[in-house]
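**Q** how would this look folded up:
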Amino acid sequence: DNSIIHNNQAVETGEAIYLINTKQAETTINVNIYRSNITQNTINRNIYLGGGEIPVGSILLDLNWYTFPINITANISECIIEDTTIYSKANTTLEKSVFNKSNIRLSADIKERRRNNTLASNIFDATTIRTEMDVNVYNNTFTNGTGLTILLNQKGYNSQDNYGTISNIIEIHDNKFVNRARITCEYIDSNFSETYKIYNNTYENALSTDNLILNVPNKIYTGEPITITGTYTLKNPEYYDEDILEQNKFQVYINDELVDTVNTLEFTITPTTTENMLITIQPTISQTIKSAIIQASTLNFTLEPITATIGETAQITAQITLITDDTEMEVNDGRVYFKVNGKILRDVNTGRILYADVTDNTATLDYQVPKTWNEDTELEAVFTGNDEIPQVTSNTVNPSITTPETSQTEFSVADTTATAGEEV
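**A** Numbers count the residues shown, from 1 in each chain. You can find the predicted model right below:
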């Protein structure tokens, strides 16, 4: 009981330590190195323990499997755990350690019977059994695929084999989860009351149990901005800090190049080419990524040059071109209206907007040119859109104005001879 074992080495294989701690006393193992051993409650392995807790300090655990209660309290520089699986069946504390490519499995598996209870004399003990197997994980770094699993597999029984209640405190704080590290909490039997205290942890490129959905528009055109939205949720938010989503941002990649980092899952891009674009989104707290391939169609809407004569009817023509998958599409749906100096052209009598229907990719309006038009006048066309094409505005055109010649009355006077007093 109450043994201290220190300054030992058990390398490769060997029966270095064999303990039967039947009285649940505390055993301390200090300043030791254990490498390439399998510890699994057998006499011919590194450690055998019948019960109690083992605080371990200043120890290198490398490529081992442990099945004893372990309490790690070494400094980061003194405790490096790689490719290791830890099975713990006691109150467990992991502190100031670095876990690299490890699978840390903290399990509590209790089967406790309380006999000779009756509902009449001991109703609470008969129906409720409160046993604590607590886990405290803090000041650690989990990296490169390390998995931290809190496994709750606990059952309490009374004399009539009714399930009781197990109370657990799971405290995980001030840790770093980076490069695909992950944390999960699982339970086999729901007959317990757990308290999660997960706080002050940081997550960078971690492997989270999350769900990322992107919403990308179906119709995408070159030169036209599109807004991509989405939703991001954690499947088990109780496994993380309460403010974990506040820590998160979203990295936006286009063709594998980081182009932006946004606070919310809503951003705008403007395709400039018809070639495939790979859009990839990754939350900064997670290893999860979501990608979408978009291919823009070419959409051109052009107002043709205008030659107009004041007081006469001019023809205003707009041309729409749609190319999808290198194929020019025919457009016979939609309407176009026109603007002059920013104001919509309207019928002078009714005030209604003057529309031109699109036929064979063309919209034409005949309009009588007023005296106010000149070569500084600005005209543009607006396609109102249809089921396939969004609303789009054309280029701006300054008309070429011709002023009609003004006719003048000519007078001529012929020579004549007259005497005084005659009328001429």
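
**Q** test my guess that Asp210 contacts Thr288.
**A** Yes - counting by C-beta atoms under 8 Å, Thr288 is a contact partner of Asp210 at 5.4 Å. Quick note: C-beta positions are derived from backbone N, CA and C, even for glycine.

**Q** more crowded one of those two?
**A** More crowded of Asp210 and Thr288, by other C-beta atoms under 10 Å: Asp210, with 21 against 17.

**Q** that one and Ile172, how far apart?
**A** Using C-beta to C-beta, to the nearest Å, we find Asp210 at a distance of 17 Å from Ile172.

**Q** and Asn248, how many neighbours does it have?
**A** Neighbour count for Asn248, taken as other C-beta under 10 Å: 19.

**Q** repeat for the one 10 residues further on
**A** The number of residues packed near Leu258 is 11, by other C-beta under 10 Å.

**Q** and if you look at Ile220?
**A** The burial count assigned to Ile220 is 19, neighbours taken as other C-beta under 10 Å.

**Q** wouldn't Thr298 be in contact with Pro271 here?
**A** No - using C-beta under 8 Å as the test, Thr298 is too far from Pro271 to be in contact (10.0 Å).

**Q** tell me which of those two has more neighbours.
**A** Counted by other C-beta under 10 Å, Thr298 and Pro271 do not tie: Pro271 has more neighbours, with 19 against 16.

**Q** is it fair to say that one lies in a strand?
**A** No - secondary structure of Pro271 (DSSP: H, G, I helix; E, B strand; the rest coil): coil, not part of a strand.

**Q** residues touching it, list them.
**A** The contact partners of Pro271, by C-beta atoms under 8 Å, 6 or more residues apart in numbering, come to Ile220, Tyr221, Thr222, Gly223, Glu224, Ile226, Met277, Ile294, Ala296.

**Q** in helices only, show me the residues you listed.
**A** Of the positions in the contacts of Pro271, not one sits in helices, assigned by DSSP state H.

**Q** turn those residues into JSON lines, including pLDDT.
**A** Output for those, formatted as JSON lines (pLDDT from 0 to 100):
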{"residue": "Ile220", "pLDDT": "90"}
{"residue": "Tyr221", "pLDDT": "91"}
{"residue": "Thr222", "pLDDT": "89"}
{"residue": "Gly223", "pLDDT": "87"}
{"residue": "Glu224", "pLDDT": "87"}
{"residue": "Ile226", "pLDDT": "92"}
{"residue": "Met277", "pLDDT": "90"}
{"residue": "Ile294", "pLDDT": "88"}
{"residue": "Ala296", "pLDDT": "90"}
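
**Q** can you list the low-confidence ranges for the stretch 51-200 of the chain?
**A** Across the stretch 51-200 of the chain, the ranges flagged by pLDDT under 70 are 51-138, 140, 144-170, 180-196.

**Q** hmm, Gln251 is touching Glu257, no?
**A** No - assessed by C-beta under 8 Å, Gln251 is found out of contact with Glu257, at 10.9 Å.

**Q** neighbour count winner among these two?
**A** Higher neighbour count among Gln251 and Glu257: Gln251, with 16 against 9, using other C-beta under 10 Å.

**Q** quick check: pLDDT value at the more buried one.
**A** At Gln251, the pLDDT value in this model is 94.

**Q** how many neighbours does the closest residue in space to Tyr355 that isn't next to it in sequence have?
**A** Nearest residue to Tyr355, sequence neighbours excluded (C-beta to C-beta, 6 or more residues apart in numbering): Arg335, at 4.4 Å. The number of residues packed near Arg335 is 15, by other C-beta under 10 Å.

**Q** for Leu245, give me phi and psi.
**A** Dihedral angles phi and psi of Leu245 (degrees, to the nearest 10) take the values phi -70, psi -30.

**Q** any idea how far it is from Asp210?
**A** Leu245 is 10 Å from Asp210, by C-beta to C-beta.

**Q** what distance do you get for Gln247 to Asp241?
**A** Distance of Gln247 to Asp241, given as C-beta to C-beta: 8 Å.

**Q** residues in contact with Asp347?
**A** Applying C-beta under 8 Å, 6+ apart to Asp347 gives the contacts Leu354.

**Q** report pLDDT for it.
**A** Here, the pLDDT recorded for Asp347 equals 91.

**Q** same check on Ala356?
**A** 96.

**Q** I'd like the distance between Lys343 and Ile310.
**A** From Lys343 across to Ile310, the span is 18 Å (C-beta to C-beta).

**Q** now swap in Thr396 and tell me
**A** 20 Å.

**Q** wouldn't Lys371 be in contact with Glu312 here?
**A** No - using C-beta under 8 Å, Lys371 makes no contact with Glu312, being 11.4 Å away.

**Q** which one of the contacts of Pro271 sits closest to Val178?
**A** Using C-beta to C-beta, Met277 is the member of the contacts of Pro271 that lies nearest Val178, at 29.6 Å.

**Q** what residues are up against that closest one?
**A** Contact partners of Met277, counting by C-beta under 8 Å, 6+ apart, are Ile254, Asn255, Pro271, Ile293, Ile294, Gln295, Ala296.

**Q** quick one, phi/psi of the closest residue to Glu242 other than its chain neighbours?
**A** Computed as C-beta to C-beta, 6+ apart, the closest residue to Glu242 that is not its neighbour in sequence is Tyr199, at 7.2 Å. The phi/psi pair for Tyr199 (degrees, to the nearest 10) reads phi -160, psi 160.

**Q** and Tyr199, how far is that from Asn175?
**A** Separation of Tyr199 from Asn175 (C-beta to C-beta) stands at 10 Å.

**Q** for Gly311, same thing?
**A** Relative to Asn175, Gly311 is positioned 82 Å away (C-beta to C-beta).
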